[in-house]
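Visitor: What follows is a predicted structure for the sequence shown.
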Amino acid sequence: MFKNIQYISVMYHGRKVGTLSMGNHSCCQFEYDRTWLREGFSISPLHLPLKAGLFTADWQPFNGNFGIFEDSLPGGYGEHLLRKVLRHEGVDYNSLTPVQRLSIVGGSGMGALYYVPESKVGNNASRLTLDEMQTLALEVLSERSDEGASLLLMGSGNSGGVRPKCLYSDETGHWLVKFRHTFDPMDIGQQEYRYNELARKAGIVVPEFRLMEGKYFATKRFDLDEHGERLHVATASGLLNEPITPPKMDYYSLLQLTGYLTQSSEAVEQQFRRMVFNHYAHNYDDHARNFSFIYRNDCWVLAPAYDLTNDQTLGEHATTINFRGLPTDEDMITVGMSTKIPRPRCQQIINEVKAAVKLL
């Protein structure tokens with residue numbers, strides 16, 4: 001039973017990365033495996049550099065967990081489902097340690113890291129159509145029924161975010177499909193499709209996307225390579241140990257992180273362009289878990305942009321721009337220049353994005 005688990009092995013493609021355990025003060029401790037130290041890479045360069053010794057997590061901001069492993073845990077919709085499933089089994093999610101929660105994730109999460117021993121919860125006995133998934137999701141989210149929570153959890157890939165999601169594979173590849181929430185308009189899928197078209201016109205690198213059955217917005221999974229092998233993916237939240245509740249990251253930190261990890265001026269410019277797009281296309285849900293990096297071919301690269309929506313419900317940006325939630329062009333230029341993007345280039349990118357989104 002997962003409630004008795006005090007340590008787990010962190011795994012990557014059948015190889016042991018290290019051991020994660022609970023320390024004496026309710027905080028996680030992690031140590032790289034000796035073989036991994038010789039042959040592997042740092043899974044989190046800022047907080048878990050590739051060196052021998054025992055790392056101890058701070059209590060804040062993730063209740064004693066390391067940010068990189070917090071990435072593996074479900075958030076938002078996924079956590080909502082898991083809480084329901086555990087409640088049905090008589091378990092309070094809040095009583096579980098990070099190690100116990102990660103054992104429940106096991107190998108069902110996104111990205112390449114997985115955890116053993118794995119603790120199975122819920123039931124994955126049935127496969128549902130997309131329409132059935134949508135109906136079940138609305139039933140659960142409206143609190144009319146909890147009967148579908150287990151099936152929805154198994155199909156979600158422990159995804160985060162507010163809107164329901166599921167993993168889907170067909171002859172064209174592997175996809176993440178999004179469904180309508182109870183408060184969403186009926187055409188939310190079509191709206192997100194058009195929004196991503198707009199982002200692409202503004203020069204934003206996005207995953208391949210499509211509408212399934214004419215109504216469900218889907219993006220191709222970027223945590224898998226062209227052969228279907230899992231890739232190590234880390235969010236800015238996980239790498240910087242930045243929480244999203246409350247959000248407090250600034251784009252200055254994000255651009256600095258991008259340059260440090262990727263060593264690519266093109267990646268920094270792309271991240272700057274996303275900042276400008278998020279502002280002028282009114283995507284205020286730009287928190288630290290909505291920016292990711294991928295480790296492949298022995299280096300870090302910027303992941304495609306995802307979870308792009310016209311969302312002004314927060315009133316201002318989740319990630320501040322020059323420490324302002326409602327910035328000016330000069331604030332954006334200040335952030336860009338602080339990461340060695342020349343002022344004329346900053347202004348050029350701003351003008352290009354403005355031209356692309358002017359019809360929004």
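Guide: Perfect, thanks for sending it.

Visitor: The stretch 101-250 of the chain: strands as residue ranges?
Guide: 113-116, 165-170, 173-178, 209-212, 216-220, 232-235 (DSSP state E, counting those that start in this stretch).

Visitor: So which bits of the second one are buried?
Guide: In other words, strand 165-170. Buried residues in strand 165-170, counted by 16 or more other Cβ atoms under 10 Å: 165-168. (Glycine included, C-beta is placed from N, CA and C.)

Visitor: Restricting the selection to alpha carbons, write it to PDB.
Guide: Taking C-alpha atoms only, strand 165-170 is exported to PDB below (Å, rounded to 0.1, in the frame of the first residue of the first chain):
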ATOM      1  CA  LYS A 165      -7.800  16.500 -20.900                       C
ATOM      2  CA  CYS A 166      -7.000  13.000 -22.100                       C
ATOM      3  CA  LEU A 167      -4.100  11.300 -23.900                       C
ATOM      4  CA  TYR A 168      -5.100   9.900 -27.400                       C
ATOM      5  CA  SER A 169      -3.200   7.900 -30.000                       C
ATOM      6  CA  ASP A 170      -4.000   7.100 -33.600                       C
END
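
Visitor: same for that strand, what does it pack against?
Guide: Packing partners of strand 165-170 (3 or more Cβ pairs under 8 Å, 6 or more residues apart in numbering; DSSP states H and E): helix 130-141, helix 149-156, strand 173-178.

Visitor: Just the angle for it relative to strand 216-220, thanks.
Guide: Angle, strand 165-170 to strand 216-220, by axes from the mean of the first three to the mean of the last three Cα atoms, to 10 degrees: 70 degrees.

Visitor: In the stretch 251-360 of the chain, where is pLDDT below threshold?
Guide: Along the stretch 251-360 of the chain, segments meeting pLDDT under 70 span 359.

Visitor: sorry, back to before: just the buried residues of strand 165-170 now: which is nearest M186?
Guide: Here the nearest of those to M186, counting by Cβ to Cβ, is K165; it sits at 17.9 Å.

Visitor: What residues are bridge-paired with the closest one?
Guide: Beta bridges link K165 to K178 when assigned by DSSP bridges.

Visitor: Settle this for me: it is touching F179, isn't it.
Guide: Yes. With contact defined as Cβ atoms under 8 Å, K165 counts as touching F179 (6.9 Å).

Visitor: which residues sit against the top strand by length along the chain?
Guide: If each strand of the chain is counted by residues according to DSSP state E, the longest one is strand 15-22. Outside of strand 15-22, the residues within contact range by Cβ atoms under 8 Å, 6 or more residues apart in numbering are 6-11, 28-33, 35-36, 39-40, 43, 64, 66, 69, 97-99, 102, 113, 115.
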